[in-house]
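Undergrad: Next input, structure requested:
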Amino acid sequence: GLSFIIFVCYVASTASAFLTAPLLEFLLALFFLFADAMQLNDKWQGLCWPMMDFLRCVTAALIYFAISITAVAKYSDGAAKAAGVFGFFATIVFAIDFYLIFNDVAKFLKQEGSADETTANKEEEEDSDSDSD
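TA: Numbers count the residues shown, from 1 in each chain. Next up is the predicted model:
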């Protein structure tokens with residue numbers, strides 16, 4: 001929702017060159033919402049969905065921070081200033097989101113690594129049992 005508000009503010013301002021970033025972020029958020037609702041992450045196992053969402057959040061936070069600084073510093077109309085302020089809020093929201101996603105991805109990778117080690121240990125034990133026969 002915040003991306004859509006920023007998009008509308010940039011449309012109404014003289015800083016309309018920046019409206020592409022919030023529009024793309026809004027569309028990407030809708031895609032991930034749709035993918036989650038339709039359980040596409042279960043159907044398309046080849047894609048690493050948490051990593052894609054993590055990268056989306058990191059790039060969105062960086063882009064919103066950069067265009068917000070530019071909008072507030074360079075443009076004097078109220079809509080550009082409002083878009084810049086909302087952009088700073090969006091930067092904070094995306095930073096919190098990528099921190100939470102990073103923790104989930106780290107837990108997932110730890111579980112995957114421990115599952116690989118457990119499987120390797122079981123294979124080693126089976127190989128040692130078969131050698132004693």
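Undergrad: pLDDT averaged over stretch 24-44 - what is it?
TA: Summarised as a single mean, pLDDT over stretch 24-44 is 79.
Undergrad: what do you get for stretch 87-99?
TA: Here the average pLDDT along stretch 87-99 is 89.
Undergrad: Can I get that stretch in CSV, CA atoms only?
TA: Extracted in CSV, the C-alpha atoms of stretch 87-99 (Å, rounded to 0.1, in the frame of the first residue of the first chain):
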residue,chain,number,x,y,z
GLY,A,87,9.8,6.9,0.7
PHE,A,88,11.8,7.2,4.0
PHE,A,89,9.0,5.3,5.8
ALA,A,90,9.1,2.7,3.0
THR,A,91,12.9,2.4,3.4
ILE,A,92,12.4,1.6,7.1
VAL,A,93,9.6,-0.9,6.4
PHE,A,94,11.7,-2.7,3.7
ALA,A,95,14.7,-2.7,6.0
ILE,A,96,12.8,-4.4,8.7
ASP,A,97,11.3,-6.8,6.2
PHE,A,98,14.6,-7.8,4.8
TYR,A,99,16.0,-8.3,8.3
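Undergrad: Could you list the buried residues of it?
TA: Buried residues in stretch 87-99, counting neighbours by 16 or more other C-beta atoms under 10 Å, are found at G87, A90, T91, V93, F94, A95, D97, F98. Every C-beta, even on glycine, is put in place using the N, C-alpha and C of the backbone.
Undergrad: which ones are touching the first one?
TA: Applying C-beta atoms under 8 Å, 6 or more residues apart in numbering, one finds that G87 lies in contact with I6, P22, Y64, F65, I67, S68, A71.
Undergrad: Mind telling me what element the nearest residue to the fourth one once chain neighbours are set aside is part of?
TA: Counting by C-beta to C-beta, 6 or more residues apart in numbering, T91 is the residue found nearest to F65 once chain neighbours are left out, at 4.5 Å. Taking DSSP states H and E as the definition, one finds T91 inside helix 78-132.
Undergrad: which residue is nearest the centroid of the chain?
TA: Most central in the chain under C-alpha atoms, centre = their mean is C57, positioned 2.8 Å from the mean C-alpha point.
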